[in-house]
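A.B. asks: What would the 3D arrangement of this be:
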Amino acid sequence: MFDRLQGLETKYETLRQKISDPAVIADQSAWRAYMKEYSDMEPIVEKYREYIQAERDLAFAKEMLEQSDEEMKLLARDEMKIASDRMDTTASELKKLLLPKDPNDEKNVIVEIRGGAGGDEAALFAGDLFRMYFRYAERRRWKTEVMNANENELGGFKEIVFMISGRGAYSRLKYESGVHRVQRIPVTESGGRIHTSTVTVAVLPEAEEVDVLLDMNDVRVDVFRSSGNGGQSVNTTDSAVRVTHIPTNIVISCQDEKSQLKNKDKAFKILRAKLYEIEQEKQRAQMSAERRVQVGTGDRSERIRTYNFPQSRMTDHRVNFTTHNLDYVLDGDLDEIMDTLITSAQAKMLTND
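C.D. replies: Below is the predicted model:
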């Protein structure tokens with residue numbers, strides 16, 4: 001590992017010189033590529049230098065220990081312990097930094113939330129989850145854009161599709177895919193009984209045109225009049241768009257915008273993300289289960305989380321994580337659970353190395 005780190009440090013210094021070279025700066029495309037590589041390497045190199053410094057401190061403390069002065073020996077033993085602990089901690093952090101990175105981690109995401117079992121109550125909870133992710137995006141200063149929404153009469157969503165744009169969005173949100181279960185007394189329940197409903201969440205990395213080869217001969221585009229809760233454009237213009245990918249029979253409908261062109265653009269973004277996910281799944285299927293960079297199986301049919309309102313409890317079943325601050329979670333305070341999921345995934349990768 002340390003031979004590799006020495007090579008990375010040398011390359012890092014070479015890149016540092018390149019990004020300061022006026023000739024490279026003049027070629028903005030090349031400069032951006034070098035700058036990204038430099039930025040990606042920076043945390044690894046800095047951590048490696050921390051390790052080297054701790055190693056030097058340990059060597060210096062050992063030299064002090066050889067001196068005859070008893071007071072100096074006591075001081076040297078303390079310094080040796082501190083330096084040794086720093087080396088162990090830094091080495092562990094370096095192993096995590098050197099783990100293979102998911103190429104999609106820096107991408108924006110398209111999130112699909114659909115009400116499952118539970119009818120109107122499931123739709124209402126789909127709305128709660130949408131607001132939870134919206135609040136989380138706000139906390140991280142990410143941008144949220146609704147792509148398509150199908151509301152019910154109570155203000156929930158039978159389905160809502162939205163994009164979250166921000167650096168590292170996929171790396172944080174990718175573990176949210178799965179079945180989310182809610183246990184609470186529905187607003188429609190007069191007897192005060194607790195009901196259990198489910199909502200499915202799918203998190204897809206945004207696919208650029210270069211990621212997906214989309215043959216337009218395989219696509220049928222239909223336009224139709226919007227339907228919804230009202231508004232000037234509803235049922236007056238053919239602004240809604242339905243895109244059908246014939247080989248896979250994937251159908252995407254978008255009617256959130258008044259502009260047909262904008263709806264079409266959103267529909268194609270969702271389609272590309274779905275086709276990209278299919279290709280990713282094919283690649284993952286070729287890898288052994290032990291090498292998959294996931295928490296749990298990643299199967300969307302599996303229940304990943306339960307939100308229990310009477311007990312103000314949220315439990316993630318994949319990592320046995322429980323918090324009794326449900327209000328905070330639904331207000332977008334998700335970093336603790338996401339950090340736990342990421343740490344668990346990294347631990348599995350380290351075990352499999």
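A.B. asks: Remind me what the longest helix anywhere in the chain packs against, helices and strands.
C.D. replies: Of all segments of type helix in the chain, defined using DSSP state H, the longest is helix 28-65. Here helix 28-65 touches helix 2-19, helix 22-26, helix 70-97, going by 3 or more CB pairs under 8 Å, 6 or more residues apart in numbering; DSSP states H and E. In short, each C-beta sits where N, CA and C put it, glycine included.
A.B. asks: closest one to residue 256 among those helices?
C.D. replies: helix 70-97 (40.0 Å; CB to CB).
A.B. asks: Now do the longest helix of the chain against helix 2-19, angle only.
C.D. replies: 130 degrees (axes from the mean of the first three to the mean of the last three CA atoms, to 10 degrees).
A.B. asks: Can you lay out the helices and strands packed on helix 28-65 as CSV showing mean neighbour count?
C.D. replies: Below are these laid out as CSV (neighbours: other CB atoms under 10 Å):
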stretch, mean neighbour count
helix 2-19, 14
helix 22-26, 11
helix 70-97, 14
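A.B. asks: could I get the ones you listed as TSV with mean pLDDT?
C.D. replies: Formatted as TSV, the helices and strands packed on helix 28-65 follow (pLDDT from 0 to 100):
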stretch	mean pLDDT
helix 2-19	86
helix 22-26	88
helix 70-97	85
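A.B. asks: Redo these as CSV? Include distance to residue 197.
C.D. replies: Shown next, in CSV, are those (distance: least, CB to CB, whole Å):
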stretch, distance to residue 197
helix 2-19, 49
helix 22-26, 56
helix 70-97, 37
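A.B. asks: packing partners for the longest strand anywhere in the chain?
C.D. replies: Longest strand in the chain, counting residues (DSSP state E): strand 195-205. Under the contact definition 3+ CB pairs under 8 Å, 6+ apart, strand 195-205 sits against strand 109-115, helix 120-139, helix 169-173, strand 178-184, helix 260-285.
A.B. asks: Buried deepest among the ones you listed, which one?
C.D. replies: With neighbours taken as mean count of other CB atoms under 10 Å, the helices and strands packed on strand 195-205 reach their highest mean count in strand 109-115, at a mean of 24.
A.B. asks: Show me the contact partners of it.
C.D. replies: For strand 109-115, contacts defined as CB atoms under 8 Å, 6 or more residues apart in numbering pick out 122-123, 125-126, 129-130, 133, 147, 152, 156-164, 169-170, 173-174, 176, 197, 199-206, 269-270, 273.
A.B. asks: what does stretch 62-73 give?
C.D. replies: 75, 76, 77, 79, 80.
A.B. asks: Taking these, tell me the two that lie furthest apart.
C.D. replies: 75 and 80 (9.7 Å).
A.B. asks: in which helix or strand would I find residue 155?
C.D. replies: Residue 155 is located outside every helix and strand, with elements delineated by DSSP states H and E.
A.B. asks: what sits against residue 331?
C.D. replies: 132, 135.
A.B. asks: From residue 128, how far off is it?
C.D. replies: 10 Å (CB to CB, to the nearest Å).
A.B. asks: where does the protein dip in pLDDT?
C.D. replies: 1, 68, 190, 209-211, 227-237, 283-302, 351-353 (pLDDT under 70).
A.B. asks: quick one, domains of it?
C.D. replies: 2-97, 109-209+299-352, 216-283 (automatic domain parsing).
A.B. asks: Including distance to residue 103, could those domains go into a markdown table?
C.D. replies: As requested, the domains of the chain are exported to a markdown table (distance: least, CB to CB, whole Å):
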| stretch | distance to residue 103 |
| --- | --- |
| domain 2-97 | 12 |
| domain 109-209+299-352 | 9 |
| domain 216-283 | 9 |
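A.B. asks: So which residues make contact with stretch 148-160?
C.D. replies: Contacts for stretch 148-160 (CB under 8 Å, 6+ apart): 112-115, 120, 122-127, 130, 146, 161, 187-188, 228-229, 252-256, 266-267, 270.
A.B. asks: Render the CA-only coordinates of that stretch in CSV, please.
C.D. replies: The C-alpha trace of stretch 148-160 is given here as CSV (Å, rounded to 0.1, in the frame of the first residue of the first chain):
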residue,chain,number,x,y,z
ASN,A,148,-43.1,14.7,-12.6
ALA,A,149,-45.8,14.4,-9.9
ASN,A,150,-49.1,12.6,-9.5
GLU,A,151,-50.9,13.9,-6.5
ASN,A,152,-53.9,12.4,-4.7
GLU,A,153,-56.8,14.4,-3.3
LEU,A,154,-55.3,14.6,0.2
GLY,A,155,-52.1,16.3,-0.9
GLY,A,156,-49.9,13.2,-1.0
PHE,A,157,-48.2,11.6,-4.0
LYS,A,158,-49.1,8.4,-5.8
GLU,A,159,-45.8,9.1,-7.5
ILE,A,160,-43.3,11.9,-7.6
